[in-house]
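*Asks:* What shape does this take:
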Amino acid sequence: MARFHYYPGMEKKHEGLPTGEERPVSWDWGRVVGEDRAFWETSPAGAVVEFAWHLRREGKRRVYDLGCGLGRHLVLLAEMGFDVAGSDLSPLAVAASSERLAALGLPGRVREGEMTAIDEPASSFDAVLSYNVLYHALPEGIARALDEVRRILRPGGLFLVTLLADTAPSFAQGERIGERTILKTEGPEERVPHTYLDREGVLILLREFSLERLSYVEQEYDRLARKGCHYVALARKG
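*Replies:* Residues are numbered from 1 along each chain as shown. I've put the predicted structure just below:
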């Protein structure tokens, strides 16, 4: 199993994490309403659309959405004819995703569960995507989640993942619980850990995959008042 190799500046334990917060904390989807909710329900990310077409070109069929949220990518993939399954820590997200698939007459299975313990057989999926999800953990949790991704992927399977870059302004915000991890203090992500990496950290984290593509993306939004910085990686299981 893969283990996280720490590099200078990355915490080796989560000293300062408040008692009881060791357990995973999900997005509070009940606080996402109106146009924001419509976005998370119906607007697939461009990188995932590209990923889906890449999978079709390779003839891959079974896709797992780890941290599916309100189901925007499950719906996209099911509409394109993929055999989809997914999971989320939030029971509200699981219910919403399942209801959307059913309402559209699309097949798909969604379960509640942690990303560090995926309830699927080994070597059962051609592809896994984890979009804006995997970094919602302490470093050791990210490492365990990656073990699970590798376990459920078939040999040659593809993995699309986004990771937070330490150049993001949000790295200086929130409650710091380690050199690389903060807790959000407001909004639907309140008390959710966020771990930030530099390029070296991303390469170390994904070292047991064959890394096919790595992009660094900066996006300004809310009328340029906010900026997000991410790494987007396409990796293959050997």
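*Asks:* SS state for the residue positioned nearest the centre of the chain?
*Replies:* By C-alpha atoms, centre = their mean, the chain has its centre lying nearest to residue 133, at 2.4 Å. Following DSSP: H, G, I helix; E, B strand; the rest coil, we place residue 133 in the coil state.
*Asks:* same question, residue 144
*Replies:* State at residue 144, reduced to three classes by three-state DSSP: helix.
*Asks:* That one touches residue 116, doesn't it?
*Replies:* Yes: if you go by C-beta atoms under 8 Å, residue 144 and residue 116 touch, sitting 4.1 Å apart. Backbone N, C-alpha and C define where each C-beta goes, glycine included.
*Asks:* quick one: which of these two has more around it?
*Replies:* Shown here are residue 144 and residue 116; by other C-beta atoms under 10 Å, residue 144 has more neighbours (20 against 16).
*Asks:* list the contacts for the more buried one?
*Replies:* Counting by C-beta atoms under 8 Å, 6 or more residues apart in numbering, residue 144 touches residue 116.
*Asks:* ok, it to residue 81 distance?
*Replies:* From residue 144 over to residue 81 the distance is 32 Å, taken as C-beta to C-beta, to the nearest Å.
*Asks:* Kindly report the same for residue 105.
*Replies:* Remark: distance between residue 105 and residue 81 (C-beta to C-beta) = 13 Å.
*Asks:* Tell me the helices and strands packed up against the lowest-mean-pLDDT helix or strand in the chain.
*Replies:* Least confident helix or strand of the chain, by mean pLDDT, DSSP states H and E, is helix 34-42 with a mean of 91. When contacts are defined as 3 or more C-beta pairs under 8 Å, 6 or more residues apart in numbering; DSSP states H and E, helix 34-42 packs onto helix 72-79.
*Asks:* what about the helix it packs on, distance to the chain center?
*Replies:* Centre-to-centre, helix 72-79 and its host chain are 16 Å apart (C-alpha atoms, centre = their mean, to the nearest Å).
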